[in-house]
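below is the sequence, then the predicted model.
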Amino acid sequence: MRQEQIKNPTLHFSRDMGEIVTEKHVQYIFSVEKRKDDFISVAMEYLRMNGAYWGLTTLDLLGKLDAVDADEVVSWIMKCQHESGGFGGNIGHDPHILYTLSAVQVFALFNKLNVLDVEKVTNYIAGLQNEDGSFSGDEWGEVDTRFSYIAICCLSILHHLNKINVEKAVSYIVSCKNLDGGFGCTPGGESHAGQIFCCVGALAITGSLHHIDKDLLGWWLCERQVKAGGLNGRPEKLPDVCYSWWVLSSLIMIDRVHWISKEKLVKFILDCQDTENGGISDRPDDAVDVYHTFFGVAGLSLLEYPGLKAIDPAYALPVDVINRIFFG
Amino acid sequence: MHGRPRKDPKPEDAAASVAKAEKLRSLQSQFLSNHHNKIYTNEALEVSAKLLEVNPEYYTAWNFRKLAVEHRLSLSDPDPDSIKSIFSEELKVVESALKQNFKSYGAWHHRKWVLSKGHSSIDHEMRLLDRYQKLDPRNFHAWDYRRFVAALMNRSEVDELRYTTDMINSNFSNYSAWHNRSILLSNLLQRKVQGFFPKEVVLNEEYELVHQALFTDPDDQSGWFYYLWLLDQTVKADAPRLVSSWPARDSNLIILEDQCLDDCALSPFNTFHSDSGTFPLIVYFNQAVEGVNSSTISVESVLNANSELNWKPLSTNNSQTAQVWVTYLNYPKVDVHSEAYPVEVSIGHSGGIISSSGFHYSHPSRFAFKVFARPVKTPIGHGGEIISWQDGNFALYETSPEEPNPTISLDQLNIKDDNEKTSSEWRAETIANEIALFRELLSEISCKIGKLTLARLLKAHDLLLSPCANKMVYSEEVINLYSDLRTLDPPHSQFYKDEHSLTLLQQITSTGESLLRYCFLHGDGTSSFIGNSMCLRLNNLSLSRMGSFERLLWVQMLDLSYNELRSIEGLEAMQLLSCLNLSNNKLSGFTALGPLRLLKSLKVLDISCNQIGSHSIDTTRYMCSSPLCHTEEIDWGRDEMVTGDVNLANYWEAFVIFRGLSLTQLDIVGNAVADEKLKSFLVKIVPTLKWLDGGELH
C-alpha cells in the first residue's frame, strides 16, 4: 500500500487579514432583534421575515442557533401566514413570495418543516406561475426572475417542484439571459449580480446549468472584484459586502470561483466589521445592518473561513441543513 | 445600510430618530388598521400616501392603493375625467415615493400597473424618464421602465437605439446604455431590418463606437463586454457545425477482439479494442445541440442494416442538449482476412438539429470511414495485472516505416466546412484591423483589457485563418500575453492561467507532429489489456484546465498527473478512455468527477493526491447530476444491502460517481476523504474493483 501525504487546501489565512469577531456579531444580532424604537427599526418592520432569515442563518453559520427559542420563532412565523398559504413580511402585512421563502428557510433551519401545511404553501407558490413560465411576486402581478428563483427554491426544499411547469420556468429564465452572459429581472433587463444569483441558482436547482456560458459569465463575474478586494454588483459600481454573496455563490455554482482573489475578498469583508459593537456594513466604516452581516458571514463561509459552517450556494442555507433535506 | 456612515448617534440625533420613529409607527398602525378594515376614504388614502412618501418599500401600502383604486372605480360612474384623476393621483404618489427612494421596486411596479390601465398620458412618461435618466443614467429600474413605456407606445427600436447613442456620446461610461444597445441591435440584426443589413456594415460602425470608449479610458469596463460581443458576432457562426468525429473522416478503423493471432502492423491511433460487439461513433459539434437522432443523422453501412441507431447526448446533467453525441455500431465478424466495411455518415440533410439559441444545422455534411475487425496476436489479459503509471513504463512513440504516417490520420480529425466562404474576407480583414489597433494601443499604454483583447483577437485570427489545418501562428504570443496578464492583474491570475492552459493544449494538438511528442507506448506493448497501448501523456504541464477534446477523441489512455486541474469539464467527450491518471492535481470533491460517469469504457482510474475531502465548499456540487438539482434520484432503499450502516448524507457524492462505473483499478490515497471506511464503502459499490491503492482485493 502506498502512503501519500495529504495536501492542505490552498487558501492562506494570515493575521493581517483581520479576524472575525464572532461573539460580537452574535450579540449584535440579538440586540437588533430587541431594538424597536429607532426610526430604522420601525421603517424595516415590513420585512421582519427576511430579517429573521438573515439573522438566524447567520447565527447558525456562527454555530449559535441553539441560543434561539425555536418555538417562539415558529409561532411568530405562523402568525404571518395568510389563508392563501403565503406569508407576509410581518404580522398583518400582505402575503408575498419574498417572505414565503424566508419563512420556509427558517423552518428548514430549525428542522421544523413538518409544522407547515405543505400543500397550502406549495399551492400558493404554484399559483403564482404565469402562462409564459415566469412568476409573479404576489397577486398584483409584478414579474421578476427573483420570484422564479424563490418559487423554485421553495418548492424544491418542500419536495414539490412537480407542482409547477419547470420547463417553462427554465425557458423564461433563459429568455432573460444577456449578451454579457448575465441575467436581468425580465427579458431585456440589464445584468446585475443579485439577479444573476437568482437565475443561476434556479438553473442549478433544476439541473439546467447547461444554459449558461460559464466562461463568459465567469469573466463578467470575476471582473466584479475591484482593486480593494471587494465585489461590486455591476460594472463601474462601488464594492459592497452583499455581493460577496451574490457574486461568490454564482461563481461557485458555475465552478469559476478560483478566478478571483479569495484572500483579498476575505480582507475586505473583515474590514467591514464593526469590531466594537458587532455587525458588518456594506463598505468599511459605514453603518452595519443585519442584511450585510448575513451576506458578510455567508461570504466568509463560501470562502472557507475557518470556524464557520459551510453554506450551500444555491439554497442559501447551511450545507448540513440541505443535506438533511435531500439525503437525510 | 447602504452608504450610511458608521458613527455613534449624537443624543439629539437619537432623540430625533425616536420622534421620527414614533410618527412613522403611528402612520403604519393607522394604515394597517385601514387596510384590515377595508377603509378607502380620502383620509385613509392620505395616510397611505404619507406612509409611502416616507417609506416607499412598505409594499402592503401599494397593494392597499391598488385595492382603493379598484374600489373607487367600482363606485364612480364611468366618467373619463374622474377615472383619469384617480389614476393621476397614483402617479403623483409614485413620484414622491421615487424622490425618497429611486430604487423602490414597489413604486416602479405601481407606476407600471397604473400605465397598463391605459388612462394616462404616455408622452408624459417619456419626458419624465428623460429627466430621471439624466439624474441617474445607471438606474436599472428606470431603464426597465423605459423599455416598458417604449413597448406600450410602440416606439421603434431604431429610435431607442438612437437614444443609447446619445447617452453613450454624452458619457461613454454607461454600461446600462451599452447593454440596452446590445439588446436592441441584436434584435434589429436578427430581423434584418432595413439599414441593419448586411450585418458587416453595421458591425464596422459599432467597432468605431466602442473603440472610443476603450481607448479613452481602457480601465473603464463599460465597453469591455460589448466589444467581446462584437468579436463573437464577427468570428462565431450562429449555426451549429460538426467539428470532429470518431472514427475520423476517411480513416480505417481496426477493431481488435481478444482471440487468436494476427499479422498486421497496427496504428495505435486507429485501433480500438472491444469485446462487446459494438464500437462507438462520436460526433462533436461547435456548440451544444439538440435533436440528434436516427432521422437527423443517417448512417449507411451493412453493419447496422436493420437497426435504428440510438443517439445519446453526452451531458453531465442528463439534459437532452449536448455538444457531443454518441451512438454504438455493431462490428463485423472477426476474421484475419475480413474485408473492409465502409460506413457513411450524413448529418443535417433533414432539419432537426438545433442549437440552444435556436439556430438550425444548416450545412449538410457527410463523412466516411472504413472498419476492419481483426483478432489480436496474443491473448489479452482480463484485467488481471495492475497498470503502473511510472515513467519507466513509458517509451516515446515512434512511427515504424511500415506503418502509415499517423499524422495523416490526426490531421483528418477536423471536418472541413466549405460552405463558409461568404463574409470570410470581411472577417479576416476586420480581425487584422483590430489586431493592428490594439497593438498600437499597447505600444502607448500597458493595460489589461488591451492585452486580453489582443490575445482574443490573435486566437480568433488563427481560428479564421485555418479552421481546418489548425495552424497556430500566434499561439506563442498569446501564451506570453496571458503570462503578462498574470503579473499585471494578480487577483484574476487563475482566469488567465486557465486561458493559458487552453491555448497550450490547442498548440499541442494543432498538428499531428506536435501531438506525437506527447504520445507514448505503455508497457511492452503486448501485455496490456487495453489492446491499444498508446498513452497520451499531458502530465506535468501545469495545466489548470483541460480542453481541445475535439482533437483527442481517439485517446484510450490518458495521463494528466502532476497538473493543477480542479475539474475535468468536457472530458465526457473522450468516450474511448479506459485508463486515466488524474493524480497530483487539485480536484477538491468527488462531484468534480461527474464527467467520468459517462465514460463507459473506463477501467483504471488514479485520483490519488488531490484535495478531495479537504474543502468545506464544493465548487462542483451543482455541476454534477444529483438529487440536489433534481436530475436524478438516489434509491437508497435498493442499495441498503450494499451501503449498510454508512451515513449516506456524508457519502452521497462518492455513491453518485462510483456506483455506475465498472473500474478494475482505483487509486485514491492521498486525499483527506480516503479513510478505511470510505475505501470499504467503495469496494462494496464497485464490485468489479480488483486493485485499490496498489493492493489486490480478495
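Structure's in. What do you need? Numbering: from 1, shown residues only, chains lettered A, B, ... in the order given.

which pLDDT value goes with the residue lying closest to residue B:296 once chain neighbours are set aside?
Leaving aside its chain neighbours, residue B:296 sits nearest to residue B:352 (4.1 Å; criterion: CB to CB, 6 or more residues apart in numbering or on different chains). The C-beta positions use only the backbone N, C-alpha and C, and glycine is treated the same way. Looking at residue B:352, its pLDDT stands at 91.

likewise residue B:419?
pLDDT, residue B:419: 46.

near chain A, which residues of the stretch 501-650 of chain B are found?
Applying CB under 8 Å from any CB of the partner chain, we find that the stretch 501-650 of chain B lies next to chain A at B:566-567, B:569, B:586, B:588, B:608-609, B:611, B:614-617, B:619-623, B:625, B:627-631, B:634, B:648-649.

for residue B:112, list the residues it contacts.
B:145, B:148 (CB atoms under 8 Å, 6 or more residues apart in numbering or on different chains).

what helix or strand is it on?
In this structure, residue B:112 is located in helix B:105-116 according to DSSP states H and E.

give the buried residues for that helix.
Neighbour-count burial for helix B:105-116, counted by 16 or more other CB atoms under 10 Å in any protein chain shown, picks out B:105-115.

name the nearest of those residues relative to residue B:533.
Comparing the buried residues of helix B:105-116 against residue B:533 with CB to CB places residue B:105 closest, at 64.0 Å.

hang on, residue B:689 is in a strand, isn't it?
No: applying DSSP: H, G, I helix; E, B strand; the rest coil, one finds residue B:689 to be coil, outside a strand.

how close does residue B:517 sit to residue B:508?
Residue B:517 sits 8 Å away from residue B:508, going by CB to CB, to the nearest Å.

higher neighbour count, those two?
Using other CB atoms under 10 Å in any protein chain shown, the more surrounded residue of residue B:517 and residue B:508 is residue B:508, with 21 against 11.

leaving out sequence neighbours, find the closest residue to that one.
Spatial nearest neighbour of residue B:508, chain neighbours left out: residue B:514 (5.7 Å); criterion: CB to CB, 6+ apart.

name the element that neighbour belongs to?
For residue B:514, the host element (DSSP H and E) is helix B:512-516.

what's the answer for residue A:313, then?
According to DSSP H and E, residue A:313 maps onto no helix or strand at all.

what's around the closest residue to it other than its chain neighbours, how many residues?
Closest residue in space to residue A:313, ignoring its immediate chain neighbours: residue A:249 at 3.9 Å, by CB to CB, 6+ apart. A count of nearby residues for residue A:249, using other CB under 10 Å, gives 27.

contacting residues around residue A:249?
Shown in contact with residue A:249 (CB under 8 Å, 6+ apart): A:197, A:200-201, A:302, A:313-314, A:316.

tabulate those residues in JSON lines, adding columns for neighbour count and secondary structure.
Shown next, in JSON lines, are those (neighbours: other CB atoms under 10 Å in any protein chain shown; DSSP: H, G, I helix; E, B strand; the rest coil):
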{"residue": "A:197", "neighbour count": "27", "secondary structure": "helix"}
{"residue": "A:200", "neighbour count": "31", "secondary structure": "helix"}
{"residue": "A:201", "neighbour count": "25", "secondary structure": "helix"}
{"residue": "A:302", "neighbour count": "26", "secondary structure": "helix"}
{"residue": "A:313", "neighbour count": "28", "secondary structure": "coil"}
{"residue": "A:314", "neighbour count": "25", "secondary structure": "coil"}
{"residue": "A:316", "neighbour count": "21", "secondary structure": "coil"}
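
what is the helix holding residue B:514 packed up against?
Secondary-structure packing of helix B:512-516 (3 or more CB pairs under 8 Å, 6 or more residues apart in numbering or on different chains; DSSP states H and E): helix B:406-411, helix B:493-509.

most packed of these?
Compared across the helices and strands packed on helix B:512-516, helix B:493-509 shows the largest average neighbour count, a mean of 22 (mean count of other CB atoms under 10 Å in any protein chain shown).

show the average pLDDT along it.
The pLDDT scores in helix B:493-509 average 96.

and residue B:425, how many neighbours?
Residue B:425: 10 surrounding residues under other CB under 10 Å.

quick check on it: phi, psi?
In terms of degrees, to the nearest 10, the main-chain angles of residue B:425 are phi -70, psi -40.

and it, how close does it get to chain A?
Residue B:425 is 25 Å from chain A, where distance means CB to the nearest CB, to the nearest Å.

mind checking what helix or strand follows the least confident helix or strand in chain A by mean pLDDT in sequence?
When the helices and strands of chain A are compared on mean pLDDT, DSSP states H and E, helix A:39-43 comes out lowest with a mean of 90. Reading on from helix A:39-43 to the C-terminus, the next helix or strand found by DSSP H and E is helix A:48-61.

show me where the stretch 201-328 of chain A has its strands.
Ranges of strands in the stretch 201-328 of chain A, per DSSP state E, counting those that start in this stretch, are A:280-281, A:288-289.

among those strands, show me which one is buried the most.
Comparing these by mean neighbour count (mean count of other CB under 10 Å), strand A:280-281 ranks first with a mean of 28.

next helix or strand past the helix holding residue B:112?
Per DSSP H and E, helix B:105-116 leads on to helix B:122-135 as the next helix or strand towards the C-terminus.

picking up where we left off before, show me what contacts the residue nearest to residue B:296?
By CB under 8 Å, 6+ apart, the contact list for residue B:352 reads B:291, B:293, B:295-296, B:361.

excluding chain neighbours, what is closest to residue 104?
Looking at chain A here, since you left the chain open. Nearest residue to residue A:104 in three dimensions, chain neighbours excluded: residue A:154, at 5.2 Å (CB to CB, 6+ apart).

wrong chain, I was asking about chain B
Nearest residue to residue B:104 in three dimensions, chain neighbours excluded: residue B:56, at 3.9 Å (CB to CB, 6+ apart).

what does residue A:43 give?
In space, and not counting its chain neighbours, residue A:43 is closest to residue B:55: 5.1 Å by CB to CB, 6+ apart.

equivalent analysis for residue A:61, please.
Per CB to CB, 6+ apart, closest to residue A:61 is residue A:309, 4.8 Å.

surely residue A:82 is in contact with residue A:95?
Yes: Residue A:82 lies in contact with residue A:95 (CB atoms under 8 Å); the separation is 4.3 Å.

need the overlap of contacts for the two.
Shared contacts of residue A:82 and residue A:95, defined by CB under 8 Å, 6+ apart, comprise residue A:88.

those two: which has the busier surroundings?
Higher neighbour count among residue A:82 and residue A:95: residue A:95, with 24 against 15, using other CB under 10 Å.

who's in contact with that one?
A:81-82, A:84-88, A:124, A:138.

now those residues: which count as buried?
By neighbour count, with 16+ other CB under 10 Å, the contacts of residue A:95 hold A:81, A:84-88, A:124, A:138 as buried.
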